[in-house]
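Visitor: Have a look; sequence and predicted model below, questions after that.
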Amino acid sequence: MTSKSFRTDPLFLRNEFEVEGRWGFPIVRKQALDLDGIELIACSDVSSKDTKNLHKGVHFFVDDYRFENTYNHPENALKRYGKYRFLLSPDFSLYSEMNPWRQIESVGKARWVAAKWQDAGKIV
């Protein structure tokens, strides 16, 4: 891949969604979800063979390395998590010790992934 084609690669640019605010974060739209009886499963506990937990939502309240693939390989992540009832947006770390640019990056990654899943028809 040439440097010019890399700079125009949609996966590199990740600018296919409507954005808002100072930092241009992708918009994640509010979606209807009945909160009665909500159950969650950790992203680290999902399995390709799982059939008994599909009524649950997937959460990402685990170490970042366990779900970094949601941003780095979004199509694979959608295949892995998309069969569940709903998905919480990834919870990339926002430690107070992080420099502001790292915190902004973490929010941007989470919003982009959530917008990607909504675009694919998932409840997020």
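Guide: Yep, that arrived.
Visitor: and residue 107, what pLDDT?
Guide: According to the per-residue confidence, residue 107 scores 97 in pLDDT.
Visitor: That one and residue 91 touch, don't they?
Guide: No. In this structure, residue 107 is not within contact of residue 91 by C-beta atoms under 8 Å, at 10.6 Å. Glycine gets a C-beta too; all of them are placed from N, C-alpha and C.
Visitor: what's around residue 80, how many residues?
Guide: Burial of residue 80 is recorded as 18 neighbouring residues (other C-beta atoms under 10 Å).
Visitor: ignore the last one, residue 83
Guide: Other residues within reach of residue 83 by the criterion other C-beta under 10 Å amount to 15.
Visitor: quick one: it and residue 56, what's the gap?
Guide: Using C-beta to C-beta, to the nearest Å, residue 83 is found at 11 Å from residue 56.
Visitor: Then residue 12?
Guide: According to C-beta to C-beta, residue 12 and residue 56 sit 33 Å apart.
Visitor: what about these two, which has more around it?
Guide: Neighbours per residue, other C-beta under 10 Å: of residue 12 and residue 56, the larger number sits with residue 56, 18 against 11.
Visitor: pLDDT score for the more buried one?
Guide: Here, the pLDDT recorded for residue 56 equals 98.
Visitor: do the same with residue 40
Guide: pLDDT recorded at residue 40 is 98.
Visitor: What sits closest to it if chain neighbours are left out?
Guide: If you skip the residues right next to it in sequence, residue 40 has residue 59 as its closest partner in space, 4.6 Å away by C-beta to C-beta, 6 or more residues apart in numbering.
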